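1. What follows is a protein structure lacking sequence information:
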């Protein structure tokens, strides 16, 4: 009798495994659409300082996909903050953003060698399901062509969209912005201090994230 029940137990286990896989896929897809195309996990209180010294307050968040500062309008819709050429600085609690051409950079380090972060993300669209819970994806090259209804301004993206955040760093050397993605790239920008910078990166186990790259820049500023 027990032997006859074994196939049923295996079948139950198989169904349980399949349900777990599907739930995992569902949770993963939801996570990919739950706001990681924004810098902050929610809209935050901010003070906007204009070049004419006027100030205004609003709840804002920076959109990595459109590279725009976004606010929630009176009708509940999320909108891009414009025009930005009249803005001097946007202050959050512990963050500060400045306009650079058509986008905003976060100010990470001030002083001798200012360091900025440009927050962006790669967007892709999932195509039709190709079986077993998987699907193919296509990169999005023209964000504006797919944002006609403001989909990317919403905190949760449509289910078929996926965003992959990344950051470009810019260091101001003699009024010229130099782009980098890794801390070691600073060695090429400051060849006269190659030995000192290399040793600092090694001794402090520097990672390629904003806090650690900021530490290296602050170290260079005191050389």
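-> Right, received. Where do you want to start? All figures in this text were calculated on a predicted structure; none of them were measured in a lab.

2. My guess is residue 70 contacts residue 77. True?
-> No - when contacts are counted by CB atoms under 8 Å, residue 70 is not listed as touching residue 77 (10.2 Å). Every C-beta, even on glycine, is put in place using the N, C-alpha and C of the backbone.

3. Looking at the two, which one has more neighbours?
-> Neighbours per residue (other CB atoms under 10 Å) separate residue 70 from residue 77, with residue 70 holding more: 21 against 11.

4. For stretch 59-77, which outside residues touch it?
-> Residues outside stretch 59-77 that contact it (CB atoms under 8 Å, 6 or more residues apart in numbering) are 36-40, 42-46, 48, 58, 78-81, 84, 90, 92, 97, 102-104, 106, 118-121, 123, 143-144, 147, 150, 152-153, 163, 165.

5. For residue 47, pull up the helix or strand it's in.
-> Assigned by DSSP states H and E, residue 47 falls within strand 44-50.

6. So for that strand, what gets flagged as buried?
-> Residues of strand 44-50 classed as buried: 46, 48-49 (neighbour count, 16 or more other CB atoms under 10 Å).

7. same check, this time on stretch 181-197
-> 183, 186-187, 190, 193, 197.

8. Touching, residue 218 and residue 108? I think so.
-> No - contact criterion CB under 8 Å: residue 218 and residue 108 do not qualify, at 9.7 Å.

9. More neighbours: which of these two?
-> The residue with more neighbours, out of residue 218 and residue 108, is residue 108; 20 against 16, by other CB under 10 Å.

10. wait, what's in contact with that one?
-> Counted by CB under 8 Å, 6+ apart, residue 108 has contacts 115-117, 169, 210, 213-214, 217.

11. Among those residues, which are located in strands?
-> Judged by DSSP state E, strands contain the following of those: 115-117, 169.

12. Most neighbours of all these, which one?
-> Going by other CB under 10 Å, residue 169 tops these with 27 neighbours.

13. Per-residue confidence, it, what does it come out as?
-> For residue 169, the model assigns a pLDDT of 98.

14. Look up which residues are beta-bridged to it.
-> Taking DSSP bridges as the rule, residue 169 bridges to residue 117, residue 180.

15. For it, give its distance to residue 176.
-> According to CB to CB, to the nearest Å, residue 169 stands 14 Å off from residue 176.

16. ok, now residue 113?
-> When residue 113 is compared with residue 176 (using CB to CB), they lie 11 Å apart.

17. Between these two, which is the more surrounded one?
-> More crowded of residue 113 and residue 176, by other CB under 10 Å: residue 113, with 18 against 8.

18. any idea which element that one lies in?
-> Residue-wise, residue 113 maps onto no helix or strand under DSSP H and E.

19. Now for it: which residues touch it?
-> 171-173, 217, 220-221.

20. for residue 150, same thing?
-> Contacts of residue 150 by CB under 8 Å, 6+ apart are 77-79.

21. coming back round to it: identify the farthest-apart pair in the buried residues of stretch 181-197.
-> Longest distance between any two of the buried residues of stretch 181-197 is 13.4 Å, between 183 and 193; criterion CB to CB.

22. ok, residues contacting stretch 203-210?
-> Stretch 203-210 is contacted from outside by 108, 117, 167, 169, 181-183, 200, 212-213, 215-216, using CB under 8 Å, 6+ apart.
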